[in-house]
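K.L.:
model this:
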Amino acid sequence: MNLCDSDSGLGRATPPRRAPSPGMGPSSRHLPSPSGPGSLPPGLITKRRGFDDGSSDISSTASSMMDYNGPKLYKQPATKSNRGIILNAVEYCVFPGAVNRDAKQKVLEKIARSEAKHFLVLFRDAGCQFRALYGYWPENEQIIKLYGTGPSQVDDVMFDKFFKYNSGGKCFAQVHTKHLTVTIDAFTIHNSLWQGKKANLPSKKDMALVI
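P.N.:
Predicted coordinates for the structure are as follows:
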């Protein structure tokens with residue numbers, strides 16, 4: 001009697017095979033586990049790809065900026081106006097008392113009508129006696145008289161002393177500088193430039209010899 005061919009199953013070398021579970025086909029046995037080694041979740045893969053794309057964009061932008069050799073754009077800062085400072089000086093310092101009311105009113109009107117952003121007061125000397133009001137355009141260094149007695153225009157060689165107005169103390173203080181800047185509010189000119197002073201011109205005889 002052959003025991004291997006009997007229906008009892010006794011003496012078989014291999015155990016009986018189990019029936020496959022529902023839904024488990026041959027192809028599903030070979031799918032890798034989502035948590036297995038060397039694999040990443042789909043969400044993490046998407047994030048990593050997104051990060052790589054962003055870094056490539058940043059590097060390309062930086063390289064394009066380094067390659068730009070064109071001119072640099074520069075915007076010159078706007079000049080600060082001293083209109084309010086001069087109005088305060090005219091109101092409380094330059095024309096004290098009721099005697100100078102008319103002159104003060106005329107100067108205030110000139111300031112209101114002028115398109116200048118910076119103004120300068122001309123003094124006769126260090127005693128801060130008002131002589132004229134000037135408009136100052138720093139962009140082209142023009143100083144033009146608006147009202148009063150003095151030169152119609154002022155150049156660098158004509159300056160003698162410079163002053164700055166103190167709104168708190170309501171007074172002018174001398175500034176020790178040799179050049180005009182937008183921080184200056186008043187100035188004086190050399191004594192030889194005032195009317196009545198004769199300029200040292202060559203005589204007619206000397207001019208004839210030169211000709």
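
K.L.:
backbone dihedrals for residue 94, please?
P.N.:
phi -70, psi -40 (degrees, to the nearest 10).

K.L.:
which parts of this protein are helices?
P.N.:
42-67, 83-89, 101-113, 204-210 (DSSP state H).

K.L.:
what's in contact with the third one?
P.N.:
Looking back up the chat, that one is helix 101-113. 83, 86-87, 90-91, 94-95, 119, 130, 133, 146-148 (CB atoms under 8 Å, 6 or more residues apart in numbering). C-beta coordinates here come from the backbone N, C-alpha and C atoms, glycine included.

K.L.:
filter those residues to the buried ones?
P.N.:
The neighbour-count test (16 or more other CB atoms under 10 Å) marks 86, 90, 94, 95, 119, 130, 133, 146, 147, 148 as buried among the contacts of helix 101-113.

K.L.:
so who does the second one touch?
P.N.:
To tie it back to what came earlier, the one meant is residue 90. Residue 90 makes contacts with 104, 107, 108, 111, 121, as judged by CB under 8 Å, 6+ apart.

K.L.:
ok, now with 6 Å
P.N.:
104, 107 (CB atoms under 6 Å, 6 or more residues apart in numbering).

K.L.:
how near is it to residue 81?
P.N.:
Look at residue 90 and residue 81: by CB to CB, to the nearest Å, they are 15 Å apart.

K.L.:
go on, the fourth one?
P.N.:
Between residue 95 and residue 81 the distance, using CB to CB, works out to 21 Å.

K.L.:
just to revisit the earlier point, which ones among the buried ones among the contacts of helix 101-113 lie within strands?
P.N.:
119, 130, 133, 146, 147, 148 (DSSP state E).

K.L.:
so the last one sits right up against residue 129, yeah?
P.N.:
This means residue 148. No. With contact defined as CB atoms under 6 Å, residue 148 and residue 129 do not form a contacting pair (11.2 Å).

K.L.:
neighbours of residue 84, just the number please.
P.N.:
9 (other CB atoms under 10 Å).

K.L.:
quick revisit: residue 183: which of the ones in strands among the buried ones among the contacts of helix 101-113 is nearest?
P.N.:
Taking CB to CB as the measure, residue 183 sits nearest to residue 119 out of these, at 13.0 Å.

K.L.:
where in the protein is pLDDT low?
P.N.:
Scanning the chain for pLDDT under 70 picks out the ranges 1-79, 195-211.

K.L.:
if we use 90, what do you get?
P.N.:
1-80, 96-99, 178, 194-211 (pLDDT under 90).

K.L.:
so for residue 183, what's the nearest residue that isn't a sequence neighbour?
P.N.:
Counting by CB to CB, 6 or more residues apart in numbering, residue 183 lies nearest to residue 164, which is 6.4 Å off, once chain neighbours are set aside.

K.L.:
report the beta-bridge partners for that neighbour.
P.N.:
Counting by DSSP bridges, residue 164 forms beta bridges with residue 173.

K.L.:
thought it was touching residue 182?
P.N.:
No. Assessed by CB under 6 Å, residue 164 is found out of contact with residue 182, at 10.9 Å.

K.L.:
more crowded one of those two?
P.N.:
residue 164 (16 against 13).

K.L.:
check contacts around the more buried one.
P.N.:
Counting by CB under 6 Å, 6+ apart, the residues that residue 164 touches are 173, 175, 185.

K.L.:
and for residue 116?
P.N.:
Counting by CB under 6 Å, 6+ apart, residue 116 has contacts residue 135.

K.L.:
right, I'll leave it there.
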